[in-house]
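Chemist: starting from these lines, generate the structure:
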Amino acid sequence: MSKEYKINFDDYSFMDAEGTYLAILDFKLWGKKQNIIAYFTLESGKKIIAVAYKDNDYHGLNDVELDETVRLTFEKSQSGRIRLSEVGNI
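Modeler: Predicted coordinates:
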């Protein structure tokens, strides 16, 4: 029997701080630009959106299963935006 996921996308926002965080993958989907849009709940309870692109092999997000805990690292890009830079297994 498959698990049903009900996600309120309004609860999620983009990350606003650099750093490394533990998070659970709540949901993921393919975006329009061959990217993965992933929805996570951080250890603190904050709900965030992270985007990963094909040019960096999606940071491995295509292999992460729903409800899996991962380590996410966010860094400031050259344009000044906070971006997902690494996904690590726990």
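
Chemist: average pLDDT for the longest strand seen in the chain?
Modeler: Criterion DSSP state E: the longest strand present in the chain is strand 19-30. Strand 19-30 comes out with an average pLDDT of 97.

Chemist: now do the same contact list for A17.
Modeler: 74, 82 (C-beta atoms under 8 Å, 6 or more residues apart in numbering). (Glycine included, C-beta is placed from N, CA and C.)

Chemist: three-state assignment of it?
Modeler: coil (DSSP: H, G, I helix; E, B strand; the rest coil).

Chemist: skip the chain neighbours and tell me the closest residue to I49.
Modeler: Closest residue to I49 apart from its sequence neighbours, by C-beta to C-beta, 6 or more residues apart in numbering: Y12 at 4.9 Å.

Chemist: residues near the one you found, how many?
Modeler: 19 (other C-beta atoms under 10 Å).

Chemist: go on, the one 10 residues further on?
Modeler: Taking other C-beta under 10 Å as the neighbour definition, L22 ends up with a count of 15.

Chemist: for it, give me its contacts.
Modeler: Shown in contact with L22 (C-beta under 8 Å, 6+ apart): 42-43, 69-72, 90.

Chemist: let's go with 10 Å and repeat that
Modeler: Residues in contact with L22 (C-beta atoms under 10 Å, 6 or more residues apart in numbering) are 40-44, 69-72, 88, 90.

Chemist: pLDDT weak spots in this protein?
Modeler: Within the chain, the ranges that satisfy pLDDT under 70 run 1-5.
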